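Participant: What follows is a predicted structure for the sequence shown.
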Amino acid sequence: MPINIPKSLPAGEILSRENIFIMEEERAVTQDIRPLNILILNLMPEKQRTETQLLRLLSNSPLQVNVEFLHTATYESKNVSKSHLEQFYKNFNDIKNHRYDGMIITGAPVELMRFEEVGYWEELTEIMEWTKDHVTSVMHICWGAQAALYYHYGIEKFRLAKKRTGLFKHRLLTPDIELVRGSDDEFLAPHSRYTDISETEIMSHQDLTLVTTSKEAGPLTIVSKDRKHVMVTGHVEYDADTLGEEYNRDRKKGIDPDIPKDYFPGNDPNEKPLNRWRSHAYLLFSNWLNYYVYQKTPYKWD
């Protein structure tokens, strides 16, 4: 089934070339079914790239999905045109009286700052508080996951000795959780971050379940007991070349980064990397849409 996106959104052309079923608004209104309404708060600097990555994963479902994009009013992105934001994005005041079946809050390149030092933290906490009564289930990614764990559950992040980047093996701890139904017992997932969260704190919290983890990379997937919140500390939505582009970007900045672990064939940055996490990413998103959004959300909001 299709995802319904605004007409002329640049991601639509890319996804259509990949044979992903895109439905624009004019056709969607003729469908006599109840679509899922998903809100994406996109905090990533390269917004158009993140749009494409997330829409691709949301498309692999028999459910029709309407997608809206949200940006912060208290911070103006420097990597996307103002016209793109005006045409395809809303701010919180535009949507705060609406209800959504699901929401995604992305990562952001602010993880080395204390949460309260982030320029839009107050606005973000207002949005996260609003989700309690206006969204059925929220998926939080990378820094977004850390922000949710801190705001909703009081779990603080801590700084790593060096950037964790690359592909890491993960294992299922709770295979009976619907979110990973059909998953392999062991799988790869990308990470790209300078901070982490305590596995011990997560496992000891009465409202959280640690679903997947890695000996090297730490917790990956955490779910709240009420299924309201899904926290994914890695970047399963990344394209095959995203980690490589980040590595080359850091080199140009003179950071002297480590080569992403187990990412380039033969550990050679001149070799083209392969996407070895795609199937797990699609499964994760389709299970979230099905079990935590579609099967939990009311047919009609009060």
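Facilitator: Nice, thanks for sending it over. Note that the coordinates shown come from a computational prediction; the quantities given were computed from them, not determined experimentally.
Participant: the strands in the protein, which residues?
Facilitator: Using DSSP state E, the strands of the chain run over residues 3-5, 22-24, 36-41, 65-70, 89-90, 100-105, 135-141, 158-172, 186-196, 208-214, 218-224, 229-232.
Participant: Let me have these in CSV, extended by mean pLDDT.
Facilitator: Shown next, in CSV, are the strands of the chain (pLDDT from 0 to 100):
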stretch, mean pLDDT
strand 3-5, 64
strand 22-24, 54
strand 36-41, 97
strand 65-70, 95
strand 89-90, 94
strand 100-105, 98
strand 135-141, 98
strand 158-172, 96
strand 186-196, 97
strand 208-214, 98
strand 218-224, 98
strand 229-232, 98
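Participant: Can you give the contact residues for stretch 103-112?
Facilitator: For stretch 103-112, the external contacting residues (CB atoms under 8 Å, 6 or more residues apart in numbering) are 38-45, 50, 54, 118, 124, 127-128, 131, 135, 137-148, 157, 159, 193-195, 235. C-beta: built from backbone N, CA, C; applies to glycine.
Participant: Surely residue 229 is in contact with residue 137?
Facilitator: Yes: counting by CB atoms under 8 Å, residue 229 sits close enough to residue 137 to count as a contact (7.4 Å).
Participant: hey, where'd the helices end up in the chain?
Facilitator: With helices called from DSSP state H, the chain shows them at 10-17, 25-28, 47-58, 82-88, 92-95, 121-134, 143-153, 199-204, 242-252, 278-287.
Participant: related to what we said a few turns ago, and the strands of the chain: which comes nearest residue 240?
Facilitator: strand 186-196 (9.7 Å; CB to CB).
Participant: Taking the centroid of this protein, which residue is nearest it?
Facilitator: residue 141 (3.8 Å; CA atoms, centre = their mean).
Participant: Could you measure from that residue over to residue 222?
Facilitator: Applying CB to CB, to the nearest Å, the value for residue 141 to residue 222 is 12 Å.
Participant: which residues do these two both contact?
Facilitator: If you check residue 141 and residue 222 against CB under 8 Å, 6+ apart, no residue is contacted by both.
Participant: Pull the contacting residues for the residue nearest to the centre of the chain.
Facilitator: 104-107, 232, 235, 237.
Participant: Mind doing that once more with 10 Å?
Facilitator: Taking CB atoms under 10 Å, 6 or more residues apart in numbering, we find residue 141 in contact with 43-44, 50, 54, 104-108, 148, 230-237.
Participant: Please type out the PyMOL selection for whichever of the residues you listed turn out to be buried.
Facilitator: Only the buried members of these end up in this PyMOL selection, burial being decided by 16 or more other CB atoms under 10 Å:
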select buried, resi 43+44+50+54+104+105+106+107+108+148+230+231+232+233+234+235+236+237
